[in-house]
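# For reference, the sequence and a predicted model appear below.
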Amino acid sequence: MSSKGIYTALSGAMAQTHKLDTIANNLANVDTAAFKKDKQTFNEYLTANEKYPDTLQVPRVTASIESFYDMQGGDKSFVDTNGTYTDFSQGGLKQTGNAFDFALEGRGFFEVQTPNGVKLQRAGNFKISPEGYLVTNNGHPVLAEGIGVDPEQRRMQLANSGNVTVAFNGEIYQDGGLVGKMSIVDPQNQEALQKQGQLLYGFKDNQDPQLQLATSARVHQGYVETSNVNVVEEMTEMIKTTRAFESTQKAIRAFDEMDNKLVNEVGRVR
């Protein structure tokens, strides 16, 4: 009987392992510009609720040891790793003095062109490519406004020299002349976003992008947005998660010892 209980404890240990991995990744990116922390979510998986009514046969007789043999796991519950979600709360603003560092304040993302299509990016530490285009740190062109327009026509090119200023609404001026306006969009459903590496965001499968212009976002030139990871909070969660993991390990060892006694000691009793 204890062998079933060990799986419940094991599911808890696996869930805490996933949470530790998420916390470790958050801490590793505490100094990454505009990084958004992730959080792990869990759900209770009740075997009785997951079975169809015609396969779950709960005894309708007076309780006894024999009457519970036919419950088919109906008395068991497990920890289900429900998934990971991203916390898009605002990070701090750090002054750099670099004319091509842009921090977003409020809801919104820059649109950038990548080999895998148009993606969204919160980090605004940009630069000028050798061809004069405004690009991200990874060389992806930053796009001008025009949702639905061919990205190739939305690249923004600046002169090789000249004073560059950016307004709060994303308009770029060089030597007083308007060059273009950066596309800053706000998905109606941020939960549809999915991290795709290099601080890029795409959309989950079968999710409608439903992009709209971000009317409340403000661009701060000469600043970068810091990560929204709180080191103290993450370290506290790591300690709590480690203790929970150790507790599940103790439970697993206890069940293992019970099985050992059941097989090697109780089995020899005449």
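Everything's here; your move.

# Excluding chain neighbours, what is closest to Ile147?
Leaving out its chain neighbours, the residue that sits closest to Ile147 by Cβ to Cβ, 6 or more residues apart in numbering is Leu211, at 5.6 Å. For every residue, glycine as well, the C-beta is placed using N, CA and C.

# for Lys204, same thing?
Nearest to Lys204 is Gln194, by Cβ to Cβ, 6+ apart, at 4.8 Å.

# right, and that neighbour touches Leu200 too?
No. Gln194 lies out of contact with Leu200 (Cβ atoms under 8 Å); the separation is 9.7 Å.

# Show me which of these two is the more surrounded one.
Neighbour count, other Cβ atoms under 10 Å: between Gln194 and Leu200, Leu200 has more, with 20 against 14.

# So what pairs up with the more buried one in the strands?
Gln121 (DSSP bridges).

# which residues touch it?
Counting by Cβ atoms under 8 Å, 6 or more residues apart in numbering, Leu200 touches Val112, Thr114, Lys119, Leu120, Gln121, His140.

# Likewise for Thr22?
With contact set as Cβ under 8 Å, 6+ apart, Thr22 has these partners: Asp38, Lys39, Gln40, Thr84.

# The third one: what secondary structure?
Of the three states, Gln40 takes strand according to DSSP: H, G, I helix; E, B strand; the rest coil.

# show me the contacts for it.
By Cβ under 8 Å, 6+ apart, the neighbours of Gln40 are Ala15, His18, Lys19, Thr22, Thr81, Gly83, Thr84.

# quick one, phi psi at the spatially closest residue to Thr32 that is not a sequence neighbour?
Residue nearest to Thr32 in three dimensions, not counting chain neighbours: Ser227, with 5.5 Å by Cβ to Cβ, 6+ apart. In terms of degrees, to the nearest 10, the main-chain angles of Ser227 are phi -70, psi 160.

# what's the pLDDT at Ser227?
On pLDDT, Ser227 comes in at 96.

# That one reaches Ala34, doesn't it?
Yes. With contact defined as Cβ under 8 Å, Ser227 reaches Ala34; the gap is 7.0 Å.

# joint contacts of these two?
Counting by Cβ under 8 Å, 6+ apart, the contacts common to Ser227 and Ala34 are Gly91.

# low pLDDT regions in the chain?
Scanning the chain for pLDDT under 70 picks out 1-12, 42-82, 255-270.

# Let's check: the centremost residue of it is which one?
Of all residues in the chain, the one closest to the mean position by Cα atoms, centre = their mean is Thr86, 3.5 Å from it.

# List the contacts of that residue.
Lys36, Lys37, Asp38, Lys39, Gln190, Leu193, Lys195.

# Buried ones in stretch 31-40, by neighbour count?
Neighbour-count burial for stretch 31-40, counted by 16 or more other Cβ atoms under 10 Å, picks out Ala33, Ala34, Phe35, Lys36, Lys37, Asp38, Gln40.

# Repeat that for stretch 176-186.
Going by neighbour count (16+ other Cβ under 10 Å), the buried part of stretch 176-186 is Val179, Gly180, Lys181, Met182, Ser183, Ile184, Val185, Asp186.

# Run the chain-centre distance for it.
Counting by Cα atoms, centre = their mean, to the nearest Å, stretch 176-186 is centred 28 Å from the centre of its parent chain.

# So what would you say the end-to-end distance of that stretch is?
28 Å (Cα to Cα, to the nearest Å).

# ditto for stretch 142-155
End residues of stretch 142-155 are separated by 6 Å (Cα to Cα).

# Ok, stretch 149-162 next?
Stretch 149-162 end-to-end distance (Cα to Cα) = 28 Å.
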